[in-house]
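Peer 1: could you work out the structure for the sequence below:
(one chain, ligands or ions: 2)
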Amino acid sequence: MIRLLSRRKSKPALDRWDPSATLLEWTAGAPWSIGDSFMGVMGFGSTGSGKTSGSMAAISLAMLRAGYGGLYLTVKPEDRQTYTDHVRAAGRLDDLMVFSPDHLLRYNFIADEMAHAKSPAGLIENLTALIMTTTELAERGGRSSSGGDNERYFRLESSRLARNALLVLVFSGEPVTLPNLHRLIVSAPRSIEQIQSGEWRNTFCGECLEKTDAAEKLPSQRADFDLALSYFLHEWPALSSRTRSVVQSTLTSATDMLSRGAARDMLSSPKPNVSPSMMYEGKIIIADFPVLVYREIGQLVQIVLKLMWQRAHARRDTTKNARPTFIMADEAQMLLVEEDQRFQAIARSTRTACIFATQSVSGLVEALGGPSAEPKVHSLLTNLQTRICHQQTDVRTVEYMQQLIGRSRQLVMNGNQDRDANWLAPLFGVDTGQSSGFSESWEHELQAADINGLARGGPPHCVTEAIVYQGGRAFPNGHTWIRARIPQEPRRA
Ligand SMILES: Nc1ncnc2c1ncn2[C@@H]1O[C@H](COP(=O)(O)OP(=O)(O)OP(=O)(O)O)[C@@H](O)[C@H]1O
Ligand SMILES: [Mg+2]
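Peer 2: Numbering: from 1, shown residues only. Ligands and ions are numbered 1, 2, ... in the order given. Just a heads-up that it's a prediction; the model follows:
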């Protein structure tokens with residue numbers, strides 16, 4: 001039976017957060033450490049199989065008790081209550097902060113980027129990457145994700161437009177805000193006639209270009225500006241109107257959503273009072289913007305938060321602050337983007353645990369863009385070392401777990417006989433004219449029935465079961481996987 005270890009607040013910080021320190025035990029003698037958490041987790045399970053109340057709850061509680069700071073992302077409206085219960089059970093209510101339109105916490109991601117960027121070029125690159133990540137969502141919902149050359153071309157062109165527009169805005173001295181970026185993009189000259197008549201000079205884009213032209217710049221910045229100038233005065237107006245409108249709308253659909261309503265109020269606040277660095281003091285933030293309630297805005301806000309939190313982790317000096325942190329997302333298919341896979345590659349060195357759960361491999365591929373997303377899903381999963389599989393009926397997930405775990409030599413007893421004959425007799429040297437014996441074959445270590453038959457929790461036993469796999473590890477049973485029994489925490493009255 002899984003065992004959560006008691007709170008270890010009294011220990012000195014170094015021991016307390018040593019990567020080898022145990023967070024929980026899947027079964028007796030099968031510990032899972034702080035270091036293991038940094039290698040990432042993906043949990044699978046059919047609906048009602050015990051992901052949320054089983055493995056996710058166990059990991060969440062263990063991390064809270066160990067003193068992690070963290071960010072919980074939400075999909076279902078009840079997620080906030082679930083996580084608040086964990087925080088309460090771990091005795092960490094003092095560290096809890098709820099980021100939602102009904103609370104007072106506000107953030108400003110552009111101000112955060114500006115405060116930490118080492119140079120204007122770094123700022124432009126980071127903001128371009130962030131905006132392009134948010135366009136991923138719109139693309140999934142809209143244009144078909146054929147993954148073809150067309151899609152790549154439009155993405156590339158959209159990111160050129162974003163980069164050039166940001167460069168002009170940053171150097172123009174105008175406030176770097178999303179509404180300004182939006183204005184600049186939609187006012188960019190659309191025809192050679194507009195350029196020749198000088199009409200473009202009276203637009204916001206024209207004003208920014210002139211201010212940037214006049215601003216003092218280093219030689220390399222001058223060269224970058226010359227490229228941007230040539231882009232807006234020659235390349236952009238020369239694109240076919242259809243191409244230009246697809247490229248522009250790819251970008252403006254994201255900047256527009258971020259510039260309005262709750263997304264603007266929460267992420268572009270003039271008086272921000274929350275920052276990712278609060279996690280290093282042990283703060284636990286619930287992004288209470290559940291996707292099932294707020295839809296695209298909920299996704300957008302949380303993806304921006306996740307990205308900004310990951311960036312903060314990436315620049316943290318862990319020699320000065322070693323507190324482990326987590327980013328946790330249940331039903332993660334709604335909140336995962338390509339950037340997560342890149343971050344996972346460095347998560348270990350940043351002492352960050354990315355803990356995700358989803359129903360199935362098929363669902364994940366579908367949510368991330370259909371068949372063309374398979375390579376992305378594959379590489380994301382490869383980087384999340386601990387994979388937990390609750391009861392599962394999706395054939396692809398079952399096959400995935402089987403292939404992951406691999407085959408082993410199995411002894412299979414076989415025989416053929418007449419209906420009433422003693423078919424065991426040949427095994428004992430009795431000649432009956434029938435045949436039977438043992439044969440060796442390489443079989444999957446886990447049969448589909450092993451995964452399908454796992455306990456789903458609920459009364460009377462209130463225990464969920466899961467197969468826990470960890471790449472490159474040997475559990476006490478001699479395998480890379482173990483069957484864990486995870487009791488559900490008692491429900492709140
Ligand atoms: N604290 C609890 N005590 C007892 N049973 C519980 C508890 N929490 C959930 N259950 C029950 O255990 C089963 C698994 O629930 P859980 O919500 O963990 O599944 P899940 O895999 O997260 O499902 P979904 O995909 O729908 O989110 C359900 O039948 C649920 O009603
Ligand atoms: Mg759940």
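Peer 1: number of residues surrounding residue 103?
Peer 2: Residues lying near residue 103 (other Cβ atoms under 10 Å) number 13. Every residue, glycine included, has its C-beta placed from N, CA and C.
Peer 1: so what's it closest to, chain neighbours aside?
Peer 2: residue 288 (7.6 Å; Cβ to Cβ, 6 or more residues apart in numbering).
Peer 1: please state the backbone phi and psi of residue 463?
Peer 2: phi -130, psi 130 (degrees, to the nearest 10).
Peer 1: distance check, it against residue 491.
Peer 2: Distance of residue 463 to residue 491, computed by Cβ to Cβ, to the nearest Å: 14 Å.
Peer 1: what sits against residue 362?
Peer 2: 394, 396, 397 (Cβ atoms under 8 Å, 6 or more residues apart in numbering).
Peer 1: how close does it sit to ligand 1?
Peer 2: Distance, residue 362 to ligand 1, by Cβ to the nearest ligand atom, to the nearest Å: 14 Å.
Peer 1: quick one: buried residues of the helix or strand hosting that residue?
Peer 2: Using DSSP states H and E, residue 362 maps to helix 361-367. Within helix 361-367, the residues that count as buried by 16 or more other Cβ atoms under 10 Å are 361, 363, 364, 365, 367.
Peer 1: can I get the residues you listed in JSON lines including pLDDT?
Peer 2: Formatted as JSON lines, these follow (pLDDT from 0 to 100):
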{"residue": "361", "pLDDT": "96"}
{"residue": "363", "pLDDT": "95"}
{"residue": "364", "pLDDT": "95"}
{"residue": "365", "pLDDT": "94"}
{"residue": "367", "pLDDT": "90"}
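Peer 1: which of those sits closest to ligand 1?
Peer 2: Comparing the buried residues of helix 361-367 against ligand 1 with Cβ to the nearest ligand atom places residue 363 closest, at 10.0 Å.
Peer 1: does the residue nearest the centre of the chain sit in a helix, a strand or a coil?
Peer 2: Centroid-nearest residue in the chain: residue 336, 3.9 Å away (criterion: Cα atoms, centre = their mean). Put simply, residue 336 is coil when judged by DSSP: H, G, I helix; E, B strand; the rest coil.
Peer 1: which ones are touching it?
Peer 2: 329, 356, 364, 367, 368, 380.
Peer 1: how close does the residue nearest to residue 103 sit to residue 101?
Peer 2: Taking Cβ to Cβ, one finds residue 288 at 9 Å from residue 101.
Peer 1: compare those two and say which is more crowded by neighbours.
Peer 2: Just comparing residue 288 and residue 101: by other Cβ under 10 Å the higher neighbour count belongs to residue 288, 25 against 15.
Peer 1: need the contacts of residue 362 in CSV (columns: distance to ligand 2, secondary structure and pLDDT).
Peer 2: Below are the contacts of residue 362 laid out as CSV (distance: Cβ to the ion, whole Å; DSSP: H, G, I helix; E, B strand; the rest coil; pLDDT from 0 to 100):
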residue, distance to ligand 2, secondary structure, pLDDT
394, 15, coil, 95
396, 20, helix, 95
397, 15, helix, 96
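Peer 1: quick one: mean pLDDT for stretch 257-271?
Peer 2: The predicted model assigns stretch 257-271 a mean pLDDT of 91.
Peer 1: need phi/psi at the residue nearest to residue 103.
Peer 2: Dihedral angles for residue 288 - degrees, to the nearest 10 - are phi -80, psi 70.
Peer 1: would you confirm that it contacts residue 96?
Peer 2: No. Residue 288 is beyond contact range of residue 96, at 11.1 Å (criterion: Cβ atoms under 8 Å).
Peer 1: which bits of the chain sit near ligand 2?
Peer 2: Within the chain, the residues that sit near ligand 2 (Cβ under 5 Å from the ion) are 51, 52.
Peer 1: residue 186: what's it in contact with?
Peer 2: 248, 252.
Peer 1: residue ranges with poor pLDDT in the stretch 301-450 of the chain?
Peer 2: Within the stretch 301-450 of the chain, the stretches with pLDDT under 70 are 410-438.
Peer 1: whoops, the stretch 51-200 of the chain was the one
Peer 2: 141-149.
Peer 1: at 50 instead, please
Peer 2: 143-145 (pLDDT under 50).
Peer 1: how about the strands in it?
Peer 2: 69-73, 96-99 (DSSP state E, counting those that start in this stretch).
Peer 1: deepest of the ones you listed, which one?
Peer 2: strand 69-73 (a mean of 27; mean count of other Cβ atoms under 10 Å).
Peer 1: quick one: the closest residue to ligand 2 within the stretch 51-200 of the chain from residue 350, how far?
Peer 2: Nearest residue of the stretch 51-200 of the chain to ligand 2: residue 52, at 3.1 Å (Cβ to the ion). Distance, residue 52 to residue 350, by Cβ to Cβ: 26 Å.
Peer 1: neighbour count winner among these two?
Peer 2: Just comparing residue 52 and residue 350: by other Cβ under 10 Å the higher neighbour count belongs to residue 52, 23 against 17.
Peer 1: what sits against the closest residue to the more buried one other than its chain neighbours?
Peer 2: Computed as Cβ to Cβ, 6+ apart, the closest residue to residue 52 that is not its neighbour in sequence is residue 330, at 5.6 Å. Residues near residue 330 by Cβ under 8 Å, 6+ apart: 51, 52, 56, 75, 76, 79, 356, 357.
Peer 1: so what does the helix or strand that the last one is a member of touch, helix or strand wise?
Peer 2: This points to residue 357. According to DSSP H and E, residue 357 maps onto strand 352-358. Counting contacts by 3 or more Cβ pairs under 8 Å, 6 or more residues apart in numbering; DSSP states H and E, strand 352-358 is packed against helix 34-38, strand 41-44, helix 57-65, strand 325-329, helix 338-344.
Peer 1: thinking again about what came up before, now the buried residues of helix 361-367 as CSV including distance to residue 186?
Peer 2: As requested, the buried residues of helix 361-367 are exported to CSV (distance: Cβ to Cβ, whole Å):
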residue, distance to residue 186
361, 40
363, 37
364, 35
365, 35
367, 31
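Peer 1: quick check: the farthest pair among the residues you listed?
Peer 2: 361 and 367 (10.9 Å; Cβ to Cβ).
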